[in-house]
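Asker: structure here, sequence nowhere to be found:
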């Protein structure tokens, strides 16, 4: 796993909904300080998950329609998608241990 896939309205269906690999999608914004803190934690966790999981992020200011569709009311919100279905929602900045616990039960 190397970095985040940038999600937008054009690639959301293919990269998230149709993905054969589970995807951890972070909803954030360039202005969001907790998002900036969360992203390196997710990248580090992504190294341990390897090919079992893809990391992705979406800017809620650029794509509010997707954020509204998934009822994202604050950022960061991280959603785990498996086979196109929402399996876990993590709202706010959480510890790496808490994120690992919520995600690994589905991998």
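Answerer: Received, thanks. Because the structure is a prediction, the values reported are computed rather than measured.

Asker: centroid residue for the protein?
Answerer: The residue lying closest to the centre of the chain (Cα atoms, centre = their mean) is residue 25, at 1.7 Å.

Asker: so what's that one bridging to?
Answerer: Residue 25 has these beta-bridge partners by DSSP bridges: residue 56, residue 79.

Asker: I figured it was touching residue 84, is that so?
Answerer: No. Checked against Cβ atoms under 8 Å, the pair residue 25 and residue 84 is beyond contact range at 11.7 Å. Every residue, glycine included, has its C-beta placed from N, CA and C.

Asker: mutual contacts of the two, please.
Answerer: Residues touching both residue 25 and residue 84 (Cβ atoms under 8 Å, 6 or more residues apart in numbering) are residue 16.

Asker: low-confidence ranges in this protein?
Answerer: 1-2 (pLDDT under 70).

Asker: how much space separates the closest residue to residue 96 other than its chain neighbours from residue 58?
Answerer: Leaving aside its sequence neighbours, residue 96 sits nearest to residue 41 (Cβ to Cβ, 6 or more residues apart in numbering; 5.1 Å). Applying Cβ to Cβ, to the nearest Å, the value for residue 41 to residue 58 is 17 Å.

Asker: pick out whichever of these two has more residues nearby.
Answerer: residue 58 (28 against 15; other Cβ atoms under 10 Å).

Asker: which residues in this protein form helices?
Answerer: Counting by DSSP state H, the chain has helices at residues 12, 33-49, 64-69, 96-104.

Asker: distance to residue 88 for the ones you listed - can I get that in CSV?
Answerer: Converted to CSV, the helices of the chain look like this (distance: least, Cβ to Cβ, whole Å):
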stretch, distance to residue 88
helix 12, 18
helix 33-49, 13
helix 64-69, 17
helix 96-104, 5
